[in-house]
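Asker: okay, here's the prediction I keep looking at, along with the sequence it came from:
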Amino acid sequence: MSASTHDLFLRVYHGRESGLMIIGSAEALGQLGAQLQTAGTAAANTRLPDWPPVIASPTVFGPYVNEPDFKLSFHVLRTSEVPRSLPLCRRGLPIWLSLAFGVLTLIGAAAVAMWALR
């Protein structure tokens, strides 16, 4: 896929369901499909043996405004499990920060209620 233009556009959507939408021209999706069909011939990376070999890494635009260098890549899994070096991670505030905001919100609500009752 060409490095000078965006071949695919990524959009995250939320509603009844949440997901990632990959949008591209018929030619760009055809090229991606041809690259994905070569999964059996992908060579393992000797520098990163735990990392699954990359099959395709098209140039993309999106899906996050605050992350302009967002990358999309497709990898082939050689074992029965995803390596521990690729954990699932949460996208959002850390739990301790959410709890701190909750406590401060309760304190603020109590202060407003006491002020209103005076």
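Answerer: The structure has been received and is ready for your questions.
Asker: low pLDDT regions in the chain?
Answerer: Along the chain, the parts satisfying pLDDT under 70 run over 1-5, 85, 90.
Asker: switch to 50 and redo it
Answerer: Low-confidence segments of the chain, defined by pLDDT under 50, are located at 1-4.
Asker: can you give me the helices for it?
Answerer: Along the chain, counting by DSSP state H, helices occupy 26-36, 95-117.
Asker: buried residues in the longest one?
Answerer: Within helix 95-117, no residue counts as buried by 16 or more other C-beta atoms under 10 Å. C-beta coordinates here come from the backbone N, C-alpha and C atoms, glycine included.
Asker: CA atoms only for that helix, dumped as CSV, please.
Answerer: Extracted as CSV, the C-alpha positions of helix 95-117 are listed here (Å, rounded to 0.1, in the frame of the first residue of the first chain):
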residue,chain,number,x,y,z
ILE,A,95,-9.7,3.4,38.1
TRP,A,96,-8.0,5.3,40.9
LEU,A,97,-8.7,8.6,39.2
SER,A,98,-12.3,7.7,38.5
LEU,A,99,-12.7,6.9,42.2
ALA,A,100,-11.1,10.2,43.3
PHE,A,101,-13.5,12.1,41.0
GLY,A,102,-16.4,10.2,42.5
VAL,A,103,-15.4,11.0,46.1
LEU,A,104,-14.9,14.7,45.2
THR,A,105,-18.3,14.7,43.5
LEU,A,106,-20.0,13.3,46.6
ILE,A,107,-18.2,15.9,48.8
GLY,A,108,-19.3,18.7,46.4
ALA,A,109,-22.9,17.5,46.3
ALA,A,110,-23.0,17.4,50.1
ALA,A,111,-21.6,20.9,50.3
VAL,A,112,-24.2,22.2,47.9
ALA,A,113,-27.0,20.5,49.8
MET,A,114,-25.8,22.0,53.1
TRP,A,115,-25.5,25.4,51.5
ALA,A,116,-29.0,25.1,50.0
LEU,A,117,-30.6,24.1,53.4
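Asker: need the helices of the chain in JSON lines (columns: distance to L86).
Answerer: Compiled in JSON lines, the helices of the chain are given as follows (distance: least, C-beta to C-beta, whole Å):
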{"stretch": "helix 26-36", "distance to L86": "19"}
{"stretch": "helix 95-117", "distance to L86": "22"}
